[in-house]
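Participant: Turn this into a model:
(chains A and B)
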There are 2 protein chains.
Amino acid sequence: MTNNEIKFIRSLSLKKFRDSLGLFVVEGRKLVREAQESGLEVLDVYSEEKDGEELMARISSMSSPSPCLAVVRKAPAKTLEAPFKGLYLALDSVRDPGNLGTVIRLADWFGLSAVLASDDTAELYNPKVIQASMGSAFRVPVVYGDLPAMLREFRSESVPVFGTFLRGENIYGAELPADAVLVMGNEANGISGSVAALCNHKITIPSFGSKAESLNISAAAAVCVSEFRKWKKS
Amino acid sequence: MTNNEIKFIRSLSLKKFRDSLGLFVVEGRKLVREAQESGLEVLDVYSEEKDGEELMARISSMSSPSPCLAVVRKAPAKTLEAPFKGLYLALDSVRDPGNLGTVIRLADWFGLSAVLASDDTAELYNPKVIQASMGSAFRVPVVYGDLPAMLREFRSESVPVFGTFLRGENIYGAELPADAVLVMGNEANGISGSVAALCNHKITIPSFGSKAESLNISAAAAVCVSEFRKWKKS
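Facilitator: From the prediction side, this is the model:
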C-alpha cells in the first residue's frame, strides 16, 4: 500500500473529503459486515490478517485501531416521501455525533419510518455517528433538509407534529397517534423558534422535582419514542 | 501560577492521581456553579477573566478549553443504606463514561434512590462522566461495590431485582413495583452470569423486528426507568 493510499483513507476522517469524494469509512468487524450486508457499495476492505497490524494503525482514525476497516460509498441522499405513515423523529440542530448515532439506533429498534434532520444536525457519515448507530445508520432512512419546510409538508397532510418542551402536556397522559412527527431540539437550546411554531402539540417528560434541568437528548427521545410506539407493534 | 501547579491540575485528568489525591476537576461555568452549590468542597476556581485564556488552555483537559475550571474534593464514598425505598438502578460493568454520566442524569430526573455500580463500572470522577451528567453526579448517590453482594442485600429485604435481557417478559405488560432494583448490563456483553442469577424478574424492551441487536444502554435505561416511574410521582 502506498503512502498516497494511506493518506487517501485518512483524509476520509474529514467531512470535506467525505463530501467531495462521496465516500466514508467504517471500522470494526461487525460494522464492516453490516455495511456489506446493507447493500451499500463497499470499495475496499482492510484487515489485520490481510494487511498487518501496523498498516491498520496507520489508516485507522480510532485511538485503538480496529482490526477491520472498509471504504464505503455513501448512499444517495434520502428525500421525504408521502404518504406519511408511522412515527418520524425530527432533529432540530442535534450537534453531538454520539447523540445522533444513538437516536438512529433507537429509531431502528422501534421501527420508525425515518429520521428527519435539520441541515445543521451532525453529519450522518461522521465516524462517531456510524459507530454509535451500531449499523442502524445503514438501515434507517435519514433525511437532511430544511426542517421547517419538511414539517410543513407533514402539517399539510394533517399529520400532527409533536415537540418536546420543558413546559408542555405530560406525555404520559397525552394521546399519541400512530402517524406523527416527534421533534427533539438542540442539546443546549432545545427547539428553535421557527420549528416550535410548527409544533401543534407540546409535550414534556415530567421530572421528579430534581434540580436536573433536562434529560440527555437520546434519553428523552427514548422515553418519548417508547410512549408513542408501545402497544403499536403489529 | 507555577508550572508545578499547572502539572498538578493536569495530573487530575488521570484516575491514579484522582484516587491518590482524592480530588477531581470540574470544567464549565455551569458545572462549577453546580459543584459550589452541591456542598462539595471546592478548593480552587480558575477562570478566563481572572487567569487569562492562555492559562485556561494549559490547565484544561478539553479540546476546546472551558472558561472556568475548579479543583474539587471527592465526596466520601457512598454506602448502601437500608431500608430500600423507591427505584435503584444497578450497573453491571458499564464501561463508557458518557453512558454512566447520561444514566446518572436520568436517575436525577426520575428521582431514583441511588445508582449502584459494580467496581469495574466507569469511574464517577472521570471528566467525561462529570460532563455528561450535567451536574447530576453531584446530587445522585452512586454506590460502588461488589454488585452481587449489594443485590443479595436487596433480595434479603424482599426487594425484587429486575434485569434487562434480550429475551424476557415484555416490559410494557409487566407489573413494576414502586420499590425495586433495575439492572443494566455491560455495553457489549449484557448482564454477567453471577448478576443474572440474582435477577428474579427478566424483562425486555420489544423491538419492531428490526435488525438492530440492542439499544444503547442509556436509551434502554431511559425506557425502563420511565416505565417504572411514570405515574409514581407523589
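Participant: Go through stretch A:83-91 and flag the buried ones.
Facilitator: A:84, A:86-91 (16 or more other Cβ atoms under 10 Å in any protein chain shown). No exception for glycine: its C-beta is placed from N, CA and C like everyone else's.
Participant: how about the strand ranked longest in chain A: buried residues?
Facilitator: Criterion DSSP state E: the longest strand present in chain A is strand A:161-170. The neighbour-count check on strand A:161-170 (16+ other Cβ under 10 Å) flags A:161-165, A:168 as buried.
Participant: isn't there a strand covering residue A:149?
Facilitator: No: assigned with DSSP: H, G, I helix; E, B strand; the rest coil, residue A:149 falls outside any strand and is helix.
Participant: re earlier: tell me the strands beside the longest strand of chain A, with direction?
Facilitator: In the sheet, strand A:161-170 lines up against strand A:180-184 (parallel), strand A:201-204 (parallel) (DSSP bridges).
Participant: Format those as JSON lines; extra columns: mean neighbour count and mean pLDDT.
Facilitator: As requested, the strands paired with strand A:161-170 are exported to JSON lines (neighbours: other Cβ atoms under 10 Å in any protein chain shown; pLDDT from 0 to 100):
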{"stretch": "strand A:180-184", "mean neighbour count": "25", "mean pLDDT": "98"}
{"stretch": "strand A:201-204", "mean neighbour count": "19", "mean pLDDT": "98"}
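Participant: will you turn the ones you listed into CSV that also has distance to residue B:6?
Facilitator: CSV is the format used below for those (distance: least, Cβ to Cβ, whole Å):
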stretch, distance to residue B:6
strand A:180-184, 40
strand A:201-204, 44
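Participant: So which of these is nearest residue B:64?
Facilitator: With Cβ to Cβ as the measure, strand A:180-184 is the member of the strands paired with strand A:161-170 nearest residue B:64 (24.1 Å).
Participant: For the very next helix or strand once past that closest one, buried residues please.
Facilitator: Following strand A:180-184 in sequence order, the next helix or strand is helix A:193-196 (DSSP states H and E). Going by neighbour count (16+ other Cβ under 10 Å), the buried part of helix A:193-196 is residue A:195.
Participant: Please identify which of the buried residues of strand A:161-170 is nearest to chain B.
Facilitator: Within the buried residues of strand A:161-170, proximity to chain B (Cβ to the nearest Cβ) peaks at residue A:164, which comes in at 12.8 Å.
Participant: Looks like the closest one contacts residue A:182 (just checking).
Facilitator: Yes: the pair residue A:164 / residue A:182 is scored as a contact, 7.3 Å apart, by Cβ atoms under 8 Å.
Participant: Overlap in contacts, these two.
Facilitator: Residues touching both residue A:164 and residue A:182 (Cβ atoms under 8 Å, 6 or more residues apart in numbering or on different chains): residue A:224.
Participant: who does residue A:118 bridge with?
Facilitator: residue A:145.
Participant: where does chain A come near chain B, residue by residue?
Facilitator: Listed as neighbours of chain B in chain A under the rule Cβ under 8 Å from any Cβ of the partner chain: A:98, A:102, A:105-106, A:108-111, A:132, A:134-136, A:139, A:172, A:205-216, A:218-223, A:226-227, A:229-231, A:233.
Participant: In PyMOL, how would I select the buried members of those residues?
Facilitator: Buried subset of the residues of chain A next to chain B, written as a PyMOL selection, criterion 16+ other Cβ under 10 Å:
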select buried, chain A and resi 98+102+105+106+108+109+110+111+132+134+135+136+139+172+205+206+207+208+210+212+214+215+216+218+219+220+221+222+223+226+227+229+230
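Participant: Narrow the residues of chain A next to chain B to those in strands?
Facilitator: Among those, no member lies in strands (by DSSP E).
Participant: so of the residues of chain A next to chain B, which ones are in helices?
Facilitator: A:98, A:102, A:105-106, A:108-109, A:132, A:218-223, A:226-227, A:229 (DSSP state H).
Participant: closest to residue B:9 among those?
Facilitator: residue A:98 (26.6 Å).
Participant: can you pull the contacts of the residue nearest to the closest one when sequence neighbours are not counted?
Facilitator: If the residues on either side of it in the chain are set aside, residue A:98 comes closest to residue A:132, at 4.8 Å by Cβ to Cβ, 6 or more residues apart in numbering or on different chains. Residue A:132 sits next to A:97-102, A:104-105, B:216 when contact means Cβ under 8 Å, 6+ apart.
Participant: can you list those in TSV and add distance to residue B:152?
Facilitator: As requested, the contacts of residue A:132 are exported to TSV (distance: Cβ to Cβ, whole Å):
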residue	distance to residue B:152
A:97	40
A:98	35
A:99	36
A:100	40
A:101	37
A:102	33
A:104	39
A:105	34
B:216	29
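Participant: Under the pLDDT cut-off, which ranges of chain A? List them.
Facilitator: A:233-234 (pLDDT under 70).
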